[in-house]
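J.: what shape does this take:
(4 chains)
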There are 2 protein chains.
Amino acid sequence: MRLVVAQCSVDYTGRLTAHLPLATRLLIVKADGSVLVHSDGGSYKPLNWMSPPCQLKVVDRADVEDTADDPTDDPAPLPEEDWVQQWDVVHAKTGDRLRVRLHEILEDTSVELGIDPGLQKDGVEAHLQALLAQNIETLGTDWSLVRREYPTAIGPVDILARDADGATVAIEIKRRGEIDGVEQLTRYLDLLNRDPLLAPVRGMFAAQAIKPQAKVLAHDRGIDCVTLDYDALRGIDDAESRLF
Amino acid sequence: MRLVVAQCSVDYTGRLTAHLPLATRLLIVKADGSVLVHSDGGSYKPLNWMSPPCQLKVVDRADVEDTADDPTDDPAPLPEEDWVQQWDVVHAKTGDRLRVRLHEILEDTSVELGIDPGLQKDGVEAHLQALLAQNIETLGTDWSLVRREYPTAIGPVDILARDADGATVAIEIKRRGEIDGVEQLTRYLDLLNRDPLLAPVRGMFAAQAIKPQAKVLAHDRGIDCVTLDYDALRGIDDAESRLF
DNA sequence: GCCTGAATTTCGACT
DNA sequence: AGTCGAAGTTCAGGC
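T.: So this is what the prediction gives:
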């Protein structure tokens, strides 16, 4: 990994065209050749970047414009033109280009990091689904689980259950309930209700938080909404597991 | 901005729980207190991070465990326990926590960057929409623009146009055409067709690339698909502007 | 301010 | 390898 702090301007051409005016920034060149351009703010997203696989070519201004002209003949370059080194980064597959022109290099260090063991995660949607499946009775007395990831032609339904009356319920689980989740559940319900062995199937939209628009659309389509409390579900689960 | 290269382990608790085992990484502390943990690979996303607004507290091991015990009495610490400095970063609003334990510091530099003028973009969906609106006749002879961002109760339709027969066409534009774009257009069409002054309104799904599943769904609902060539549209636009 | 939709999204799982 | 859905998404624009 190479870390450079420099006054630089940046141009990107690929999916879109973008330009960064001259300013002091952090440039990171990773082992795979990828380049990140960071400012001293924003969030984790760089101002500009090139993803791997790509190749970096460094060009020194002196090597390019080493003419025999008398320097006194040259007009003073504009600040934007007064670079000393240029990085040309080209994406190996898409051909996207990133050009960094360095004007003044304030820091330049390289360091060997080695491969990273990687991040271990816990507590996302898959976990919510497992917890709700294991505690399906929190949705109502005498509810029972049919199965998780119930397969259909257009994809698996998160949870299929039966309510106290034995009616089938298709449950769509999201961390955050938004309108597209309701659309997804609607497609499942359309399909499931064509199956005479299952029909009538009603829908339930379950999420840690559901946006008002999603609630309105769900209600309009006769889909119930329920807010999940991850900590509470985990608490129930822990309490149950302690019984054994 | 502070740049630290160090052997470290990281723990995050917030929306989820995550852990990074001991390894050598780059740590970036930005002016707003935000912290990024980068490895020498992956893409622009850090392995872990804390977004602003947040506060960083640095704790030295020596200050915490400065006991009077005879050092020979202490059992040799496990590698994971053998840290020399700890960073506690707490998000000001959500309370999310990031803990970085530094074991060996290989680099530690600070640099003043100042505020960044920011990225200038070109060629995103808004631009596509403007270009297509200005060149609506590329969709068919004698087509005409009704208006961009045609307002409805559930949001604005990207473009409303009339075809050669005077029939109304609602156009949904995406950079990449996917299934939710078709769903969106379907909702607009349902609504627009309830308006006797407009009905019948047909739909057109326009994107630089449309996924097969989206095409199938669009076709199934009688929605036409069209692939937009951004460079060609821009070319037409440039050519037209040169006429004046 | 919240809310909504796009993103050079990136990332992971599954087909 | 392609496709699809989620993300501690982040980001920009509208109300």
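
J.: the spatially closest residue to A:T141 that is not a sequence neighbour: how many residues sit nearby?
T.: Leaving aside its chain neighbours, A:T141 sits nearest to A:A164 (5.9 Å; criterion: CB to CB, 6 or more residues apart in numbering or on different chains). (C-beta placed from N, C-alpha, C; glycine too.) As a burial measure, A:A164 scores 11 neighbours (other CB atoms under 10 Å in any protein chain shown).

J.: wait, doesn't A:A164 sit right on A:L139?
T.: No. Taking contact to mean CB atoms under 8 Å, the distance of 10.0 Å between A:A164 and A:L139 leaves them out of contact.

J.: next one, pLDDT for the residue nearest to A:T141 please.
T.: Per-residue pLDDT puts A:A164 at 95.

J.: ok, A:D231 next?
T.: 70.

J.: which residues touch the residue nearest the centre of chain A?
T.: The residue lying closest to the centre of chain A (CA atoms, centre = their mean) is A:K45, at 11.0 Å. Going by CB atoms under 8 Å, 6 or more residues apart in numbering or on different chains, A:K45 touches B:Y44.

J.: what helix or strand does it sit in?
T.: Using DSSP states H and E, A:K45 sits within no helix or strand.

J.: ok, now which ones touch A:P156?
T.: Here A:P156 is in contact with A:E149, A:Y150 (criterion: CB under 8 Å, 6+ apart).

J.: now it. Its backbone dihedrals?
T.: phi -80, psi 140 (degrees, to the nearest 10).

J.: so what's it scoring on pLDDT?
T.: A:P156 is assigned 80 on the pLDDT scale.

J.: how far away is it from B:E104?
T.: Distance, A:P156 to B:E104, using CB to CB, to the nearest Å: 47 Å.

J.: just A:V111 next, same as before
T.: For A:V111, the distance to B:E104 - CB to CB - is 12 Å.

J.: ok so, going back, how much space between the residue nearest to the centre of chain A and B:T24?
T.: 24 Å.

J.: show the model's pLDDT score for the residue lying closest to A:R97 once chain neighbours are set aside.
T.: Excluding the flanking residues, the one nearest A:R97 by CB to CB, 6+ apart is A:T13, at 4.9 Å. A:T13 is assigned a pLDDT of 90 by the prediction.

J.: run through the bridge partners of A:T13.
T.: A:T17, A:R97 (DSSP bridges).

J.: surely it is in contact with A:D96?
T.: Yes. Judged on CB under 8 Å, A:T13 makes contact with A:D96 at a distance of 6.9 Å.

J.: now stretch A:140-150: buried residues?
T.: Buried residues in stretch A:140-150, counted by 16 or more other CB atoms under 10 Å in any protein chain shown: A:L145, A:R148, A:Y150.

J.: run through the residues that contact the last one.
T.: Put plainly, it is A:Y150. A:Y150 neighbours (CB under 8 Å, 6+ apart): A:P156, A:V157, A:I159, A:L160, A:A170.

J.: can you sort out which of the buried residues of stretch A:140-150 also neighbour DNA strand C?
T.: When CB under 7 Å from any atom of the strand is applied, no member of the buried residues of stretch A:140-150 is adjacent to DNA strand C.

J.: got the domain ranges for chain A?
T.: For chain A, automatic domain parsing gives the domain ranges A:2-110, A:125-242.

J.: got any ranges where chain A has weak pLDDT?
T.: Scanning chain A for pLDDT under 70 picks out A:66-74, A:123-124, A:237-244.

J.: what's the burial count for A:D229?
T.: Neighbours of A:D229 under the rule other CB under 10 Å: 11.

J.: for A:E112, helix, strand, or coil?
T.: State at A:E112, reduced to three classes by DSSP: H, G, I helix; E, B strand; the rest coil: coil.

J.: now it: phi and psi?
T.: Main-chain dihedrals, A:E112, degrees, to the nearest 10: phi -100, psi 120.

J.: contact partners for the residue nearest to A:L139 when sequence neighbours are not counted?
T.: Taking CB to CB, 6+ apart, and ignoring the residues beside it in sequence, A:L139 has A:V226 as its nearest neighbour in space, at 6.6 Å. Counting by CB under 8 Å, 6+ apart, A:V226 touches A:L139, A:M204, A:F205, A:A206.

J.: which one (most neighbours) among those?
T.: A:F205 (28 neighbours).

J.: so where does that residue fall, helix or strand?
T.: Per DSSP H and E: strand A:201-210 holds A:F205.

J.: list the buried residues of that strand.
T.: A:V201, A:R202, A:G203, A:M204, A:F205, A:A206, A:A207, A:Q208, A:I210.

J.: now swap in stretch A:179-189 and tell me
T.: Residues of stretch A:179-189 classed as buried by neighbour count (16+ other CB under 10 Å): A:I179, A:G181, A:V182, A:E183, A:Q184, A:L185, A:T186, A:R187, A:Y188, A:L189.

J.: intersect those with the contacts of DNA strand D.
T.: A:G181, A:Q184.

J.: please flag which of the buried residues of stretch A:179-189 sit within helices.
T.: A:I179, A:G181, A:V182, A:E183, A:Q184, A:L185, A:T186, A:R187, A:Y188, A:L189 (DSSP state H).

J.: let's have these in a markdown table, adding distance to chain B.
T.: Output for those, formatted as a markdown table (distance: CB to the nearest CB, whole Å):
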| residue | distance to chain B |
| --- | --- |
| A:I179 | 9 |
| A:G181 | 11 |
| A:V182 | 10 |
| A:E183 | 5 |
| A:Q184 | 9 |
| A:L185 | 12 |
| A:T186 | 9 |
| A:R187 | 9 |
| A:Y188 | 13 |
| A:L189 | 14 |
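
J.: make TSV from these and add distance to DNA strand C to it.
T.: Listed next are those as TSV, based on distance: CB to the nearest atom of the strand, whole Å:
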residue	distance to DNA strand C
A:I179	5
A:G181	11
A:V182	11
A:E183	11
A:Q184	14
A:L185	16
A:T186	15
A:R187	17
A:Y188	16
A:L189	21
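
J.: what distance do you get for A:E149 to A:E172?
T.: Counting by CB to CB, the gap from A:E149 to A:E172 is 12 Å.

J.: shared neighbours, these two?
T.: By CB under 8 Å, 6+ apart, the residues touching both A:E149 and A:E172 are A:V157, A:D158.

J.: any idea which helix or strand comes after the strand holding A:F205?
T.: Later in the chain than strand A:201-210, the nearest helix or strand by DSSP H and E is helix A:212-220.
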